[in-house]
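Quick check, what structure comes out for this input:
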Amino acid sequence: MLPNHYTTTCSPENFAALRPEVSAALTIAAAAYHGRTGQAITVTSAGRTLRHCAELMAAFSREQLEALYCRRGYPDYIRQLVAAAETKKAPLCADEAYAILRQRRDGYISYHLFGAAVDIATEGLLDRQLLMDILARAGFAVSDETHLGISCLHASFTQMPAPLPVVRD
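Numbering: from 1, shown residues only. Model prediction:
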């Protein structure tokens, strides 16, 4: 049973894929936010498979892909996703994106792949900045993705051991 300071809209398997230390830090942060505002947060995504990431990425525009995945350079898999969509003159299907992600040379896509990230709904959130500050104090790096048309806060737990492995499947 979930604590009353957060709910989930993702599948139970998706949520259960969170690493224990991430779940614990999220629970502490959600309780702190709930204590300050009386509002529960809603987790919309947690652990993901590479296929699930591909499904999401296939629907993203070039601008979204670049903003989300090119903060530290321009990975080969983003070049390939963008080039394939431009050649096709249409968004990729999930299988096309998945094939590109499976063959990539760069390892990092998302902490979601390691059960170390959550997305939190921003719709109806009483104090977005307060939640971002609380999450940061709990060990999360937080990105507000609403400016990209994605109504969530993406929170990656930064206390994970490095380097993270390349996930191929």
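
Let me see the domain layout of the protein.
Each domain of the chain is listed here as a residue range: 6-48+115-157, 50-102, per automatic domain parsing.

Out of these, which is closest to Y108?
domain 50-102 (7.6 Å; CB to CB). All C-beta atoms are positioned from the backbone trio N, CA, C, and that covers glycine.

The closest one: end-to-end distance?
8 Å (CA to CA, to the nearest Å).

For it, what is the distance to the chain centroid?
Centre-to-centre, domain 50-102 and its host chain are 15 Å apart (CA atoms, centre = their mean, to the nearest Å).

just to revisit the earlier point, can you redo the domains of the chain as JSON lines with distance to I109 and mean neighbour count?
Formatted as JSON lines, the domains of the chain follow (distance: least, CB to CB, whole Å; neighbours: other CB atoms under 10 Å):
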{"stretch": "domain 6-48+115-157", "distance to I109": "9", "mean neighbour count": "18"}
{"stretch": "domain 50-102", "distance to I109": "6", "mean neighbour count": "16"}
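
Is it possible to get TSV of these that adds mean pLDDT?
What follows is the domains of the chain, written out as TSV (pLDDT from 0 to 100):
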stretch	mean pLDDT
domain 6-48+115-157	96
domain 50-102	94
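
Test my guess that Y69 contacts D76.
No - Y69 lies out of contact with D76 (CB atoms under 8 Å); the separation is 11.1 Å.

just the helices in this structure please.
Per DSSP state H, the chain carries helices over the ranges 12-16, 20-37, 50-59, 62-69, 76-88, 94-102, 128-137.

now these in TSV, with distance to F157?
Converted to TSV, the helices of the chain look like this (distance: least, CB to CB, whole Å):
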stretch	distance to F157
helix 12-16	14
helix 20-37	4
helix 50-59	17
helix 62-69	17
helix 76-88	23
helix 94-102	22
helix 128-137	9
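
To E145, which of the ones you listed lies closest?
Using CB to CB, the nearest of those to E145 is helix 62-69, at 7.3 Å.
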